[in-house]
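Undergrad: sequence-free structure coming up:
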């Protein structure tokens, strides 16, 4: 869910017949809301339970950081599911992304490549499994 | 306060030092273990405390935050409203975590990352072993809650890590307009 310059957007997954849901939400158009309901195919991905990771990059701002890091992830079929970037007043650039990696991937090797890219760009890169809230 | 204050030795007059802000190479490099009895280590301990005392909202300061790559930090959470157990104002040299449990998410800030705060999962029960400056006496600090978080934050600094390296997710970083 996000609000940008007065424009609101919300995305969620619901377990109900899509046509019925679309019909029940149709009245929202009168309030100026655009609603789209799309069916999601059950492709059994949950059975693989891919491990989500947090990628953190920080250092002096310069062109090419996002491109270089996301390029490495793409080479390893990593899927970026969320990403935010910040620029601090001291010139510190910060990128934090949530990444889903395919099962069986050599994460150590990926981490090494990311660190090497970071060294070339003069930024720090870390890749850590997302902590589960269950313990 | 439910913890006993650590018996710090007498320290020389401390100097207020400049705190570096990221990006800075000193913040990214792991710090080296040092001789806790060395006079220059004792002086830096005094300097870290003096610098921490004059910095509003600062509850801890690692040596590499003043661009010195030595494994030591000052800490004082005694006046923080979120602290439960605390051990007063102290400096630990060559610290290491020996036990940690009960992770919880909490909001952190840092003088070296002045524009942001972040949500970080840390242990809320922790035991740290380190040396006191001057005597070199080894002490064990077992604590919880905010002091536990602060200790882990400072020990991370000594490993060349910032809290931004441990944030919980893409939206766990928040802008901070003022330090306090």
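TA: Perfect, thanks for sending it. Only a predicted model underlies this, so the values are computations on that prediction, with no experimental measurement involved. Numbers count the residues shown, from 1 in each chain, chains lettered A, B, ... in the order given.
Undergrad: how about low-confidence regions in the chain?
TA: No chain was given, so I picked chain A. Scanning chain A for pLDDT under 70 picks out A:42-50, A:132-135.
Undergrad: meant chain B, my bad for not saying
TA: Residues of chain B meeting the criterion pLDDT under 70: B:1-2, B:177-180.
Undergrad: need the residues of it near chain A, please.
TA: Residues of chain B lying close to chain A (CB under 8 Å from any CB of the partner chain) are B:21-23, B:28, B:102-103, B:113-116, B:121, B:161-162, B:164-173, B:175. Where C-beta positions appear, they are placed from N, C-alpha and C, glycine not excepted.
Undergrad: and the next helix or strand past the helix of greatest length in chain A?
TA: Using DSSP state H to assign secondary structure, the helix with the most residues in chain A is helix A:107-121. Using DSSP states H and E, the helix or strand that directly follows helix A:107-121 along the chain is strand A:123-129.
Undergrad: what residues does chain A have near chain B?
TA: Within chain A, the residues that sit near chain B (CB under 8 Å from any CB) are A:54, A:56, A:58-60, A:82-84, A:86, A:88-94, A:96-98, A:122-124, A:126, A:128, A:130-131, A:135.
Undergrad: name the nearest residue to residue B:64, sequence neighbours excluded.
TA: Spatially, and ignoring its direct neighbours in sequence, residue B:64 is nearest to residue B:26 (4.7 Å; CB to CB, 6 or more residues apart in numbering or on different chains).
Undergrad: show me where the chain has helices.
TA: Since you didn't name a chain, this refers to chain A. A:18-25, A:65-75, A:107-121.
Undergrad: the intended chain is chain B.
TA: B:25-28, B:39-53, B:145-158.
Undergrad: tabulate those helices in TSV, adding columns for distance to residue A:24 and mean neighbour count.
TA: Rendered in TSV, the data for the helices of chain B read as follows (distance: least, CB to CB, whole Å; neighbours: other CB atoms under 10 Å in any protein chain shown):
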stretch	distance to residue A:24	mean neighbour count
helix B:25-28	53	18
helix B:39-53	58	20
helix B:145-158	46	23
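Undergrad: distance to residue A:6 added to these, as CSV?
TA: Formatted as CSV, those follow (distance: least, CB to CB, whole Å):
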stretch, distance to residue A:6
helix B:25-28, 38
helix B:39-53, 43
helix B:145-158, 37
